[in-house]
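In: the following block contains a protein sequence and its predicted model.
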Amino acid sequence: MFWIAFTVFLIYAVANSSGQPPSCPHGWVYNDSSCYAFISDYPMDWNEAMMYCRALQAKLVEIETASENGFLRLHLLDNKATGHYWIGLNDILSEGEWVWMSYQQTPTYTDWSPGQPDNYQQHEDCTLLWGATRFHWDDALCSYKENFICEKESSEGINIVG
Ligand SMILES: [Ca+2]
Ligand SMILES: [Ca+2]
């Protein structure tokens with residue numbers, strides 16, 4: 001009996017010793033070195049959402065890979081999220097030239113909904129994860145009040161000295 005208990009303890013200890021646990025602020029969700037806040041209680045226009053994330057030392061989410069995109073969509077679908085979620089992609093400066101907000105970088109990965117971006121009525125410059133297409137992307141009016149997602153780096157592996 002002792003050995004069974006000891007072995008169980010060992011397996012438990014080994015399983016939990018693989019580095020520091022990823023660290024995100026309370027209420028944020030961890031994935032692959034980033035922390036995400038899904039904010040649906042205070043719908044905001046695109047600019048307000050960007051400022052709100054900034055105030056949290058974060059940015060409006062920037063999606064660089066299919067795996068990050070898949071994680072976000074799955075999280076929304078799993079949680080039966082409704083509405084739409086702003087992301088940090090826009091073509092405000094130059095129509096049709098989409099850039100991620102923080103470094104004005106052209107996206108290397110996109111996941112537009114069928115027929116999007118359509119710049120409907122020549123006024124759609126901001127991007128959201130569109131509930132109607134299970135959160136594939138759509139360009140929309142920046143002034144719409146929508147939910148949004150903030151992203152920041154997790155504190156995993158960062159040693160605070162002093
Ligand atoms: Ca990202
Ligand atoms: Ca559109």
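Out: Received, thanks. Numbering: from 1, shown residues only. Ligands and ions are numbered 1, 2, ... in the order given.
In: quick one: end-to-end length of stretch 100-111, please.
Out: The first and final residues of stretch 100-111 sit 14 Å from each other (C-alpha to C-alpha, to the nearest Å).
In: the residue positioned nearest the centre of the chain and ligand 2, how far apart?
Out: In the chain, the residue lying closest to the centroid (C-alpha atoms, centre = their mean) is residue 61, at 4.3 Å. According to C-beta to the ion, to the nearest Å, residue 61 stands 18 Å off from ligand 2. No exception for glycine: its C-beta is placed from N, CA and C like everyone else's.
In: my guess is that residue meets residue 149, correct?
Out: Yes. Between residue 61 and residue 149 there is a contact at 4.2 Å, judged by C-beta atoms under 8 Å.
In: would you mind naming what in the chain lies close to ligand 2?
Out: By C-beta under 5 Å from the ion, the residues of the chain that approach ligand 2 are 116, 118, 120, 124, 138, 139.
In: got a list of what the closest residue in space to residue 33 that isn't next to it in sequence touches?
Out: Closest residue to residue 33 apart from its sequence neighbours, by C-beta to C-beta, 6 or more residues apart in numbering: residue 154 at 5.6 Å. Taking C-beta atoms under 8 Å, 6 or more residues apart in numbering, we find residue 154 in contact with 22, 23, 24, 30, 33, 34, 35.
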